[in-house]
Structure formats: C-alpha cells, structure tokens
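S.K.: Kindly return the folded structure for what I paste below:
(one chain, ligands or ions: 1)
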Amino acid sequence: AAQSLPLDQVNALEGLFGKNAGARRSGAKGVCAAGHFVGNTVGRNLSSASVFSGDQVPAILRFSIGGGSPKASDKGRSVRGLAFQFTGAGGELWQSANISAPVFFVAKPEQFAPFLQARTPDPVTGKPDPARLKAFNEANPETLRQAAYLAKAPVPASYGAVNYWSTNAFIATNAKGDKTTVRWQFEPVAGTLGLTDEQLKTMPDDFLADELRRRVASGPVVFDLKFQIAEAGDPVDDPTQVWPESRRLVPVGQLFVTQVAPGAGGACENITFNPTALPKGLEASNDPVLRARAAPYAVSLGRRVSEAPR
Ligand code: HEM
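M.R.: Down below sits the predicted model:
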C-alpha cells in the first residue's frame, strides 16, 4: 500500500538495488572531492547569488555512479553524477546533484517508484515481470528517453571528462529583479572522453575514483558552468524533455576540482545534496520532479547515517 511519495521512492530504490547499509539509496558508489567555484560577470548579470561574486567559493563535491548499488561497475551505461555544495558569502549554501544525461527518467515524481518497481526482479523468476514492464513503458514512453540517450553516449573514461546536466529548471533573479528561467550544465574544459570498445572489454569495474585522483594530482580538473536560457513555450516543468539546441548557452563561471578523497568517506558523506537548497538569486522552478527531491534525499540520509558504518 502507498505510504507516502518519499518513502515509496526510497523503498523502491531499496527494492531494486538492495538495502546497502551506510550507502546512499541512489548514487551509492562515489567519491568525495573538493575545490572551488568562480563566477563571472554573465553569472552576476543573471543572478544576484553571492556565489557569482567572482571570488573563490569553496566547494564540497561528490562524483558518483547512478543507481543504489555500491558495487556498480564504472563501465555501466548508467549516469555519472556530479554533486556540489558551494558556500557563498555569509555561509549561504547552494547544493545540487547533476547527471551525465540531459534528461531525467521521470517527468513526474509519481512515476519514480513504479518505474523502478517495473524493473525489479520477481523473487520467483529472478526477472522483472515482462508484462508489467511492457505495460509501464507503453503507458509512460517519456521515461525511456534517458536510457535511449545513454545507449548512444560513450561510457565516460573519467568523472572529469563528461558533461553533467541539472535537467531540472531554475529561476535566476538579478539585482534589478529580472527573472530568467535556466537549466545548467557542467562542461569539462579539457573535453569529453569515452571508453573505446577495447577498453570496455579490458578495463576493471573500478577505475573512476583512481583516475580522478591521478588527474587532479597533475592539476585542477576544470568545468565551465553554463546556463541554458529558456524561451517562451519551452517545457520548464518536465526534465524528460530537452530544450531546442538553438537556446542560448552562456558560461556563468568555472568549477575547479583540486582535491579527491584518498579513500572511501570524506566531507561529502554526511551531506545530502538537496537541489532545492538554493542561494538568494536562484529559485526552484515549478518542475514537480525538482520540488519532490528534498524529501526522499532526507529519508535516504536519515537511513544511511543511522546504519552501521561501512
Ligand atoms: C523524484 C525524483 C528523484 C528522486 C526520488 C531521487 C532520489 C534520490 C535519493 C534518495 C538519493 C540519495 C540521497 C542521499 O542519500 O544523500 C539521490 C541521489 C542523487 N540524485 Fe536523485 N532523485 C530524484 C531526481 C533526481 C534528478 C532529477 C537528478 C539529476 C538531474 C538526480 C541526481 C542525483 C544524484 C547525482 C545523486 C547522488 C548525489 C550524491 O552524490 O550525494 N536525482 N536521489
């Protein structure tokens, strides 16, 4: 029976991926990192948020693999995640969790648990019920767009060589009070890099965290943060739909990744990157998926921090 949306969502993640003590119920495998963000004048013209001041803003970061398994393969065709917490002037926080796909897999929060349940193996057959999966997919075709994107995208060779998107829309307000609806993306300045078919066969399942450590040891990994500017009629409340490619994409600052935790754990672990924790000058849009995120993140945080340590 339905309990509440956030509990159903977290329980559905546990149903599919297991209840992995101490681990995030989504983005379970990952690594803590740190660095800073520097905003530019374009950012300041769009948003009065103190993080765009141009000063170095401290960043706590986490890179991750999609899904709730701490043992997920780094070669899987799931999303990679980039979560950040920027601390602006006066301790003002901006938290966010972004993925390596321009679209999310549900348009509405009510689709989240049924999407996962339809993919959860039946204990008797060891496989998802094919009729149930087919019925869900046919009734919810927009939930297949993310997998279609990932099927064609190269598997990232590095956490530092792939784009990350907000997928959700936000409203930026500048000092004059002008409002702009935006989505954002992080683009690696050194370019994107995918694994070749040969590498997919020969690489181990665990390489991304060490690869990032090596990269950062030889210099900061830098991402351009770009805002994509919505125009009238663009779907601002549906993260399964991209906006037209012709939409303006403007750099608003750069993220410098300068440290990677030497092992498991670190400053990112007790944080839940709640994407509606926003500084003054940035607001949540009416996207119902965005608005639904804080509660299940808090449920997952509560469960994982109260379980036995890994
Ligand atoms: C209704 C929609 C969603 C639900 C129910 C949901 C649920 C969750 C949960 C329970 C966690 C674990 C939180 C923690 O333990 O700290 C999580 C993490 C994460 N989610 Fe979501 N999520 C949703 C939408 C999204 C969207 C739209 C994105 C990205 C565009 C996203 C990206 C991520 C990432 C990258 C992480 C890992 C963050 C980290 O490294 O701590 N999620 N999500």
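
S.K.: could you show me where the helices are in the chain, in order?
M.R.: Using DSSP state H, the helices of the chain run over 5-17, 41-46, 112-118, 130-139, 145-152, 197-202, 208-217, 288-291, 294-306.

S.K.: and Ile271, which of the ones you listed is closest to it?
M.R.: When those are compared by C-beta to C-beta, helix 294-306 sits nearest Ile271, at 8.2 Å. Heads up, the C-betas are built off the backbone N, CA and C, glycines and all.

S.K.: Touching the closest one from outside, list them.
M.R.: Helix 294-306 is contacted from outside by 5-7, 9-10, 13, 21-26, 270, 272-277, using C-beta atoms under 8 Å, 6 or more residues apart in numbering.

S.K.: now that helix and helix 5-17, what's the angle there?
M.R.: 60 degrees (axes from the mean of the first three to the mean of the last three C-alpha atoms, to 10 degrees).

S.K.: average model confidence for helix 294-306?
M.R.: If you average the pLDDT over helix 294-306, you get 97.

S.K.: Also stretch 129-142?
M.R.: In this model, stretch 129-142 has a mean pLDDT of 98.

S.K.: anything in it near the ligand?
M.R.: No. For stretch 129-142 and the ligand, the contact criterion (C-beta under 6 Å from any ligand atom) is not met; the two come no nearer than 13.4 Å.

S.K.: Mind listing what's buried along that stretch?
M.R.: Asp129, Leu133, Phe136, Asn140, Glu142 (16 or more other C-beta atoms under 10 Å).

S.K.: Confirm for me that the fourth one is in contact with Ala118.
M.R.: In this case it means Asn140. No. Using C-beta atoms under 8 Å, Asn140 makes no contact with Ala118, being 9.0 Å away.

S.K.: Kindly state the pLDDT recorded for the residue lying farthest from the centre of the chain?
M.R.: Distance from the C-alpha centroid of the chain, by C-alpha atoms, centre = their mean, peaks at Val124 (33.5 Å). What the model reports as pLDDT for Val124 is 93.

S.K.: do you know how far it is from Arg132?
M.R.: 13 Å (C-beta to C-beta, to the nearest Å).

S.K.: quick one, what contacts Phe63?
M.R.: Contacts of Phe63 (C-beta under 8 Å, 6+ apart): Gly30, Val31, Ala33, Arg80, Gly81, Leu82, Ala83, Tyr159, Leu208, Ala209, Leu212.

S.K.: Please list the members of those residues that lie in strands.
M.R.: Gly30, Val31, Ala33, Arg80, Gly81, Leu82, Ala83 (DSSP state E).

S.K.: Up against the ligand, what does the stretch 201-310 of the chain have?
M.R.: So the stretch 201-310 of the chain meets the ligand at Pro239, Thr272, Phe273, Val289, Ala292, Arg293, Pro296, Tyr297, Ser300, Leu301, Arg304 (C-beta under 6 Å from any ligand atom).

S.K.: An error on my part: the question was meant for the stretch 1-150 of the chain.
M.R.: By C-beta under 6 Å from any ligand atom, the residues of the stretch 1-150 of the chain that approach the ligand are 9-10, 24-27, 30, 62, 64, 81, 83, 97-99, 104, 109, 112.
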